[in-house]
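# below is the sequence, then the predicted model.
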Amino acid sequence: MKNVMLIIAVTVMFTGCSVHKTHIKEPRIEMPAAFSEQSGQTSYSGRWWKQFGDEKLDYLMEEVFKHNLDIVQAYERLQQSVSILKKTGAAGLPSVTIEGAGGRTRQAGAFGASTSDAYSVSAKASYEIDLWKKVDSSTKAARFDMLVSEQNLKALYISVSAQVAELYYQAVEQRAQLALSDKTIASFQDTLARVERRYKEGLVPSIDLYQSRQNLAAAKARRPVFASNLAVTLNAMSVLAGRFPDKEIGGTNMVLGNSPDMQTGLPSQLLMNRPDIRSSLMKLKASNERISTAVADRFPSFNLVGSYGGASDEVGTILDSPNIIWNALLQIAQPIFDGHRRKSEVERAEAEFRGQLAEYHTSVLVAFREVEDSLARINASKERIAMLHDQVNASRNSHRLALARYTQGLSDYLPVLTEQLGLFNAESNLLQAKRQLVSDNIQLARSLGGEWVDEIHKK
């Protein structure tokens, strides 16, 4: 017994010694001082969509956060990882079981059959001494896996918020396009009435009448496309909100106002504001702990096992002193030959770690690229909008002059036809460009991340 206690004492004294040195504390990445497309300014880390000043969008966003089914699935995956963490951590605690048995037996003997009762009760306990930190490393890896699920949920909030805003303003644009189409159709109908009147008076040839009707038909043919796009957009928005298609979900707004300018902040803020980067870092740390687990699995395991109980032919005397049975053991197991299974697991874990390190660096580079791409698109969209404004103004003046000259009999109908189509296309392109600028700013907000996801996640 003294020898057993000595072994236990020595084992406990060395408990906590790690056989694997941590590969990382925090990967260091040299970030640029500022983004190339914009000087470093404080970024807006709150709920970015509120900068649009649209209460309907604010309400829709909150509704989607509550009912989006992708978010529900991600939340339940997080709960699974929490349960796995609890299960893994339980391996570091003692295991205690109580067993009981009772019955009657009849056996043949030299003097005839005999009947006897037998009762027993015992408590058994076992505990693995985590000498090489194997259980501790497994628990840490499970904790980092849980944090990965948490960051993935936060990343989904960012992605879904961008989808909601994108669809909302696509719906706004399609309504604006429908309104423009109706205005253009009315204008073409007015022009057709003028041509018909001049044709009846014998002032213009029939070709002018047919071309005017053709112009009107072409404008009418565009309208169903915008109506279809609006319906599809609203359907997608409804599904994001966890409901069946609803035409009322996007409101009735048809005015594309000026898009707010999102501030990028400093590149170093991406490391904290992007959940996908934090997720990659947690994966890296989890893989590092799995190396520790794999290495520790190659060393001896120490288990304390004990039991206490009794047996008797009467229930009331089971725990009487003469019937007590107990034992205490220290079990030691050392792998000798396993066909290099444990060694291969160490090599696999190390390869996984190197791959996760590359993934982490990639996530940082991709985040930086997405911000730069969004900034470049925003600048291009702003330039395009300015040019389209000039084009629309020029087209309106040309259309007015062409129509006046035609009405006065100074030119044929072809210039009117050309200018009508040109004005419609210019105004339609301007609407599309304004919505594209909104989309570019939404993508910039998505690529910047933000602290607002932490607030929503706590709810």
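All right, it came through fine.
# ok now do the residue most central in space within the chain, which residues does it touch?
Per C-alpha atoms, centre = their mean, the C-alpha nearest to the average position across the chain is that of Leu156, at 2.3 Å. Going by C-beta atoms under 8 Å, 6 or more residues apart in numbering, Leu156 touches 70-71, 74. C-beta here means a position set from N, CA and C on the backbone, and glycine is covered the same way.
# list only buried entries from those residues.
70-71, 74 (16 or more other C-beta atoms under 10 Å).
# nearest to Leu270, of the residues you listed?
Distance to Leu270, by C-beta to C-beta, is smallest for Ala74 among these, at 21.6 Å.
# report the contact partners of the closest one.
Counted by C-beta under 8 Å, 6+ apart, Ala74 has contacts 149, 152-153, 156.
# and those residues, which is closest to Leu423?
The closest of the contacts of Ala74 to Leu423 turns out to be Leu156 (C-beta to C-beta; 43.5 Å).
# average model confidence for the particular helix or strand that has the closest one in it?
Counting by DSSP states H and E, the secondary-structure element that holds Leu156 is helix 134-200. Average pLDDT, helix 134-200: 93.
# report all helices and strands that the very next helix or strand once past that helix contacts.
Counting by DSSP H and E, the element after helix 134-200 in chain order, helix or strand, is helix 206-240. The helices and strands touching helix 206-240, judged by 3 or more C-beta pairs under 8 Å, 6 or more residues apart in numbering; DSSP states H and E, are helix 134-200, helix 414-448.
# distance to Gly339 added to the ones you listed, as a markdown table?
Shown next, in a markdown table, are these (distance: least, C-beta to C-beta, whole Å):
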| stretch | distance to Gly339 |
| --- | --- |
| helix 134-200 | 20 |
| helix 414-448 | 48 |
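# could you give the angle of the helix holding Leu156 to helix 206-240?
On the basis of axes from the mean of the first three to the mean of the last three C-alpha atoms, to 10 degrees, helix 134-200 is oriented at 160 degrees to helix 206-240.
# now do helix 134-200 against helix 414-448, angle only.
Using the same axes, to 10 degrees, the direction of helix 134-200 lies 170 degrees away from that of helix 414-448.
# just to check, Met146 is in contact with Gln80?
No - checked against C-beta atoms under 8 Å, the pair Met146 and Gln80 is beyond contact range at 9.2 Å.
# so which of the two has more stuff around it?
Met146 (22 against 13; other C-beta atoms under 10 Å).
# and that one, how far is that from Met387?
51 Å (C-beta to C-beta, to the nearest Å).
# ok, Ser114 next?
108 Å.
# which one of those two is surrounded by more residues?
Comparing Ser114 with Met387 by other C-beta under 10 Å, the one with more neighbours is Met387, at 13 against 10.
# which of the three states applies to the more buried one?
On the three-state scheme (DSSP: H, G, I helix; E, B strand; the rest coil), Met387 is labelled helix.
# low-confidence regions, the protein specifically.
1-30, 33, 37-45, 109-110, 321, 457-459 (pLDDT under 70).
# count the neighbours of the closest residue to Gln174 other than its chain neighbours for me.
Among residues not flanking Gln174 along the chain, Leu230 sits closest, at 3.8 Å (C-beta to C-beta, 6 or more residues apart in numbering). Residues near Leu230, counting by other C-beta under 10 Å, number 20.
# go on, Asp58?
For Asp58, using other C-beta under 10 Å, the count is 14.
# any idea how far the spatially most distant residue from the centre of the chain is from Ala218?
In terms of distance from the mean C-alpha position of the chain, Phe111 ranks first, at 79.3 Å (C-alpha atoms, centre = their mean). Per C-beta to C-beta, Phe111 is found 115 Å from Ala218.
# also Lys200?
23 Å.
# more neighbours: the two, which one.
Ala218 (15 against 10).
# mind checking how far the nearest residue to that one once chain neighbours are set aside is from Ser228?
Nearest residue to Ala218 in three dimensions, chain neighbours excluded: Leu421, at 7.5 Å (C-beta to C-beta, 6+ apart). Going from Leu421 to Ser228 by C-beta to C-beta gives 21 Å.
# ok, the two, which is more surrounded?
Shown here are Leu421 and Ser228; by other C-beta under 10 Å, Leu421 has more neighbours (17 against 11).
# quick check: the gap between that one and Arg405.
Applying C-beta to C-beta, the value for Leu421 to Arg405 is 17 Å.
# swap in Ala294?
Taking C-beta to C-beta, one finds Ala294 at 85 Å from Arg405.
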